[in-house]
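Engineer: coordinates only, no sequence provided:
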């Protein structure tokens, strides 16, 4: 059924081995073709949420509640269930492309390996698929890019190529952890435009950021996390007009100050 | 009487670097950059990554040798100064770098770090008078004396950047050069640190050169703005005029790329 959300969390919690709660009682839904912004200060559990969904919570963590992805229960799911989902149905995009790419291999070999692994292509087909993915990401000179090592291209190109790799298998859900924080404004806008075009094609995106400008630009709805608890969730426009939580208000006031806008009443 | 020479001036400044590959052609990192900052004035240098913003800062401080043109501080060409004279000129212009946790030695305490510019070496005594001056500078950046014994590695990003500013101020410079001073900080802290810089500038009549890719920061802090692209100046002029009515397409593109949290404008602009 098309109206069924792609991802639904109910009372989802993560507790570390030493008993420290990381995420407490999260309940939210992510619709198909929707971008949900996840906002929160450092240490609020944003990244742990993304990792937890992939079954990569810290070793020894206890996960409770439910995280249902397209009819599959992710919470406490065993490896054989999770492995075929990772990279194919649920992909991850990290903040720092220099840390994500293997510095010793060319972009081409890493992209082609990904295509072979997730699409099961032979090497000739994989190469064609990679070139097409880079063209779709509007990266110039895709052929030349394949022979480059990650350090040889600019940070913006690295992140755009990484995004192309993340969505190579056309996953239904993209988990993006601060994907534009390290980029300058023009590149940031290109990456955001690409995310928006992926949404048009029905991809759902869970977008972790602390930049409300990014949220304002592309998120349909926003969820505010503080110390592992959801303190606010709702439509983006609503949050920008009248944030309910103190944290969202602080962030918004700071952002408005930077823009020279008056603080909200 | 002739007017006083500008505090900092660059004339047709160029910097060249050897190519990245063996025997490659040299790369022009900066070409023909002219800029001028008078006593107490502020100039923003904006541009994308790779535009040459940091190279420009390094050339202005003579941390790299320009391949063309001149840098004049108070009318004196830095190229012809003796090392002692250069040292004195450098005291006049202090720098605050992007990442305070990288520019401050994490093993040293705040007292040692901030007092450093006034001591001939780390073994020279930390006198009570020196300590007094450190406390004074820390309070100017909003930090109490309880921070004196903290090590840089124990500070948060915002606190560390305040310490870096205090260290720059203690040398009583005529000018601060801030290279992306807030881009490593949490967004909630950025406005605070920029406001601190603005306040210090006005209370101490400091000149400011702010390197940033954030046009909002340029608008908040600087009377003049210079747009740099691929090592060359695209345009420069009064910030208000440049941001409301840019002459160059490139400046317009940079402006168009800025995100807004204003509910009326958010998400309404397209990619350029």
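Structural biologist: Sure, I can see it. These numbers come from a predicted model, not from an experiment.
Engineer: helices of chain A, start to end?
Structural biologist: With DSSP state H as the criterion, chain A has helices at A:46-53, A:79-82, A:97-100, A:107-119, A:123-136, A:142-146, A:155-166, A:185-200, A:212-218, A:236-241, A:246-259.
Engineer: which of those sits most buried?
Structural biologist: Neighbour counts (mean count of other Cβ atoms under 10 Å in any protein chain shown) averaged over each of the helices of chain A peak at helix A:212-218, with a mean of 25. From N, CA and C alone the C-beta is placed, and that goes for glycine too.
Engineer: re earlier: any idea which of the helices of chain A scores lowest on pLDDT?
Structural biologist: Among those, helix A:97-100 carries the lowest mean pLDDT, at a mean of 81.
Engineer: can you list the helices of chain A in CSV and add distance to chain B?
Structural biologist: Output for the helices of chain A, formatted as CSV (distance: least, Cβ to the nearest Cβ, whole Å):
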stretch, distance to chain B
helix A:46-53, 13
helix A:79-82, 33
helix A:97-100, 13
helix A:107-119, 17
helix A:123-136, 15
helix A:142-146, 15
helix A:155-166, 6
helix A:185-200, 4
helix A:212-218, 3
helix A:236-241, 4
helix A:246-259, 4
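Engineer: closest to residue A:15 out of the ones you listed?
Structural biologist: Proximity to residue A:15, assessed across the helices of chain A by Cβ to Cβ, is greatest for helix A:46-53 (11.0 Å).
Engineer: what packs against the closest one?
Structural biologist: With contacts defined as 3 or more Cβ pairs under 8 Å, 6 or more residues apart in numbering or on different chains; DSSP states H and E, helix A:46-53 has these neighbours: strand A:7-15, strand A:21-30, strand A:35-39, strand A:62-69, strand A:173-177, strand A:204-209.
Engineer: give me the contacts around the fourth one.
Structural biologist: By Cβ atoms under 8 Å, 6 or more residues apart in numbering or on different chains, the list of residues contacting strand A:62-69 from outside reads A:6-15, A:17, A:25-26, A:52-53, A:57, A:73-76, A:85, A:89-90, A:173.
Engineer: possible to save the helices of chain A as CSV with distance to residue B:178?
Structural biologist: Compiled in CSV, the helices of chain A are given as follows (distance: least, Cβ to Cβ, whole Å):
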stretch, distance to residue B:178
helix A:46-53, 29
helix A:79-82, 46
helix A:97-100, 25
helix A:107-119, 35
helix A:123-136, 37
helix A:142-146, 35
helix A:155-166, 21
helix A:185-200, 18
helix A:212-218, 21
helix A:236-241, 30
helix A:246-259, 15
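Engineer: now the contacts of strand A:62-69: which count as buried?
Structural biologist: Neighbour counting with 16 or more other Cβ atoms under 10 Å in any protein chain shown marks A:6-9, A:12-15, A:26, A:52-53, A:57, A:74-75, A:85, A:89-90, A:173 as buried within those.
Engineer: do me a favour and get the end-to-end distance for stretch B:120-133?
Structural biologist: Using Cα to Cα, to the nearest Å, the end-to-end distance of stretch B:120-133 comes out at 16 Å.
Engineer: hmm, who's touching it?
Structural biologist: So stretch B:120-133 is contacted by B:111-112, B:115-116, B:118-119, B:148, B:170 (Cβ under 8 Å, 6+ apart).
Engineer: same deal with stretch A:147-162?
Structural biologist: The contact list for stretch A:147-162 (Cβ under 8 Å, 6+ apart) reads A:93-94, A:97-98, A:100-108, A:111, A:134, A:137, A:139, A:145, A:179-180, A:182-184, A:187, A:190-191, A:194, B:49-50.
Engineer: at which residues are the strands of the stretch 101-250 of chain B located?
Structural biologist: Secondary structure of the stretch 101-250 of chain B (DSSP state E, counting those that start in this stretch): strands at B:175-179, B:207-212, B:224-229, B:232-238.
Engineer: for chain A, give me its nearest residue in chain B.
Structural biologist: Nearest residue of chain B to chain A, counting by Cβ to the nearest Cβ: residue B:259, 3.1 Å away.
Engineer: which ones are touching that residue?
Structural biologist: With contacts defined as Cβ under 8 Å, 6+ apart, residue B:259 is in contact with A:185, A:188-189, A:211, A:213-214, A:216-217, B:266.
Engineer: now, which of those residues sits nearest residue B:106?
Structural biologist: Top of the list for closeness to residue B:106, among the contacts of residue B:259 and by Cβ to Cβ, is residue A:211 at 27.2 Å.
Engineer: just the helices in chain B please.
Structural biologist: If DSSP H is used as the criterion, the helices of chain B fall at B:53-60, B:83-92, B:100-103, B:110-115, B:128-140, B:157-169, B:187-204, B:215-221, B:239-244, B:249-257.
Engineer: the second one vs strand B:207-212, what angle?
Structural biologist: What it means is helix B:83-92. Per axes from the mean of the first three to the mean of the last three Cα atoms, to 10 degrees, the angle that helix B:83-92 makes with strand B:207-212 is 80 degrees.
Engineer: how far off centre is helix B:83-92?
Structural biologist: 18 Å (Cα atoms, centre = their mean, to the nearest Å).
Engineer: alright, that wraps it up for me.
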